[in-house]
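**Q** Structure of the sequence below:
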Amino acid sequence: QVQLVESGGGLVQAGGSLRLSCAVSGRTFSTYALGWFRQAPGKEREFVAAIRGRGGSTDYANSIKGRFTISRDNAKNSVYLQMNSLKPEDSAVYYCAADVNPYLLLRESRGYEYWGQGTQVTVSS
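**A** Residues are numbered from 1 along each chain as shown. Got it, this is the predicted structure:
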């Protein structure tokens, strides 16, 4: 069983930064596709960023491109989301997700088998 635990959320002013972390259990972490998604009240869960295990290629939603950076540390079984220049519209619960499928469509939330419990990010104006 793969378990994911997010941390690093909180309250920040617009223009500020936060770094989310997600610790992932599992013996083959380096092969996992890892994604960050978010869900604001009354809205559907949306793709934010993802990184593949093989090659480490990344993908970003247009709304956050240039402001957020996803990275992974295979030695620590962790994935990170560095969020800069935060805007009030970035406020949401942020979830990390993992899957062992190397051909996973990174932007499709339904493809990820494992999910964390989420961490709240609130950006004040």
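
**Q** Using CSV, write down the CA coordinates of stretch 116-125.
**A** Taking Å, rounded to 0.1, in the frame of the first residue of the first chain, the C-alpha atoms of stretch 116-125 are listed here in CSV:
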residue,chain,number,x,y,z
GLY,A,116,-2.8,12.2,-0.1
GLN,A,117,-5.3,13.8,2.3
GLY,A,118,-4.7,17.3,1.1
THR,A,119,-3.3,20.5,2.6
GLN,A,120,-5.0,23.9,2.6
VAL,A,121,-3.5,26.8,0.9
THR,A,122,-5.1,30.2,1.5
VAL,A,123,-3.8,33.4,-0.3
SER,A,124,-5.1,36.6,1.1
SER,A,125,-5.4,39.7,-1.1
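
**Q** can you give me the mean pLDDT across it?
**A** The pLDDT scores in stretch 116-125 average 97.

**Q** Show me the contact partners of it.
**A** 4-14, 16, 18, 20, 22, 38-39, 83, 86-97 (Cβ atoms under 8 Å, 6 or more residues apart in numbering). For glycine as for every other residue, the C-beta is placed from the backbone atoms N, C-alpha and C.

**Q** so what's the residue nearest the centre of the chain up against?
**A** Geometric centre of the chain, nearest residue: residue 36, 2.1 Å, by Cα atoms, centre = their mean. Applying Cβ under 8 Å, 6+ apart, we find residue 36 in contact with 20, 22, 48-50, 70, 79, 81, 94-97.
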